[in-house]
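# I'd like to go over a predicted model; first the sequence, then the structure.
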Amino acid sequence: MSNHLPAHDRDDLTPGAIAPEQSRVPDAIRGYVIGLALSALLTAASLYVLHTNLIWAPAVPIALATLAVAQMGVQLVFFLHLTTAPDNTNNVLALAFGILIVALVIGGSLWIMAHLNHNMVPMEQVLRLQR
């Protein structure tokens, strides 16, 4: 198997990835250091959002969710080297399947808890029956 990428795949590399013919240890480490710095910056920004009054209080969860999505993007690109290259199709499909399963588990749990809450006897009635 050749170490050289076809011409159409040379430009399809993540910011932290390096073409095999240019691969050197310092270049590879540089991608990880950039990812670490961005992750630390996003973590510090999340902590700052929690402890400041600059953001309107009801918007804090939205800001944290936005920073969390950005953090996941940094992790996927710089540490898992997830790209749109043809050889990463299985990785993207596995990620999409994992997201689907997590959404089903969380959504199903919330649905079950909402129906239990709706169908259960109120606590006041339970206490009256015990007397």
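Perfect, thanks for sending it.
# switch to C-alpha atoms for all contacts and neighbour counts from now on
Noted.
# what's the domain layout of this structure?
1-83, 85-131 (automatic domain parsing).
# just name the most buried of those domains.
Across these, averaging neighbours per residue (mean count of other CA atoms under 10 Å) puts domain 1-83 on top, at a mean of 14.
# got the phi and psi for Thr52?
phi -130, psi 160 (degrees, to the nearest 10).
# still on that earlier bit, between the domains of the chain, which has the poorest mean confidence score?
Lowest mean pLDDT within the domains of the chain: domain 1-83, a mean of 82.
# distance from the chain centre to it, please.
11 Å (CA atoms, centre = their mean, to the nearest Å).
# got the phi and psi for the spatially most central residue of the chain?
Nearest residue to the geometric centre of the chain (CA atoms, centre = their mean): Met72, 3.0 Å. Main-chain dihedrals, Met72, degrees, to the nearest 10: phi -60, psi -40.
# just Asn88 next, same as before
phi -100, psi 10.
# am I right that it is in contact with His81?
No: with contacts counted by CA atoms under 8 Å, Asn88 stays clear of His81, the gap being 9.0 Å.
# check the secondary structure at the closest residue to Asn88 other than its chain neighbours for me.
Distances taken as CA to CA, 6 or more residues apart in numbering place Leu82 nearest to Asn88, at 6.7 Å, with adjacent residues excluded. Assigned with DSSP: H, G, I helix; E, B strand; the rest coil, Leu82 falls in the coil class.
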